[in-house]
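J.: requesting a structural model of the entry that follows:
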Amino acid sequence: MDISINTPALLFPAISLIMLAYTNRFLALANRVRNLHDEFEKTDNKANVHGQIKNLRFRIKLIKQMQALGVLAFLSCIICMYFIYIEWMVMAHWVFAFSLLSFSSSLAISLWEIQLSTRALELELSDMEGLEDPTVIEYIKSKFEKD
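T.: All right, here's what the predicted structure looks like:
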């Protein structure tokens, strides 16, 4: 398979957008950590807040890894374009493959972080509502049973 200089350039917008999303997630988590820190100093239930902060610290580490892999994918695309420009096609193929693997790894870690985020939100919602969240299939069944 032969790649042109346009092939790695196609990843530029995708990587840029995903990096923006990662940065927004990081900023939202940093804001939440600051709020929890203030709550930690004011509340008597420090164990609950401490557990939330511990979870957020792990998620921030995941976001840092996601961002690092995204930057690595972006730089690899640039290096791949350079290798295509100087016509080192074998190196261009290897570097482009590395870029794709870096980007894929970044997205996989992002999926993991989203799962952790969703679990944390479900815990907070179940605490407020006192209800268990049904699975999607149970929810659909309940809608058909009412009719």
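
J.: where's the most centrally placed residue in the chain, which helix or strand?
T.: Centroid check for the chain by CA atoms, centre = their mean gives Ser110 as the closest residue, at 2.4 Å. If you go by DSSP states H and E, Ser110 is part of helix 89-129.

J.: quick one: Val49 from Leu56, how far?
T.: 10 Å (CB to CB, to the nearest Å). (Glycine included, C-beta is placed from N, CA and C.)

J.: now do Asn6
T.: 40 Å.

J.: more crowded one of the two?
T.: Taking other CB atoms under 10 Å, Asn6 and Leu56 do not tie; Leu56 has more neighbours (18 against 9).

J.: contacting residues for that one?
T.: Leu56 is in contact with Leu29, Arg32, Val33, Leu36, counting by CB atoms under 8 Å, 6 or more residues apart in numbering.

J.: turn those residues into a markdown table, columns for neighbour count.
T.: Putting those into a markdown table (neighbours: other CB atoms under 10 Å) gives the following:
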| residue | neighbour count |
| --- | --- |
| Leu29 | 18 |
| Arg32 | 16 |
| Val33 | 16 |
| Leu36 | 17 |
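
J.: let me know the closest of these to Ser76.
T.: Ranked by distance to Ser76 (CB to CB), the contacts of Leu56 are led by Leu29 at 26.7 Å.

J.: ok, that closest one - contacts?
T.: Leu56, Arg59, Ile60, Ile63.

J.: the helix or strand encompassing it to helix 89-129, inter-axis angle?
T.: For Leu29, the host element (DSSP H and E) is helix 11-42. With axes from the mean of the first three to the mean of the last three CA atoms, to 10 degrees as the basis, helix 11-42 and helix 89-129 are set at 30 degrees to each other.

J.: count the residues that sit near Leu75.
T.: Leu75 has 14 neighbouring residues, counting by other CB under 10 Å.
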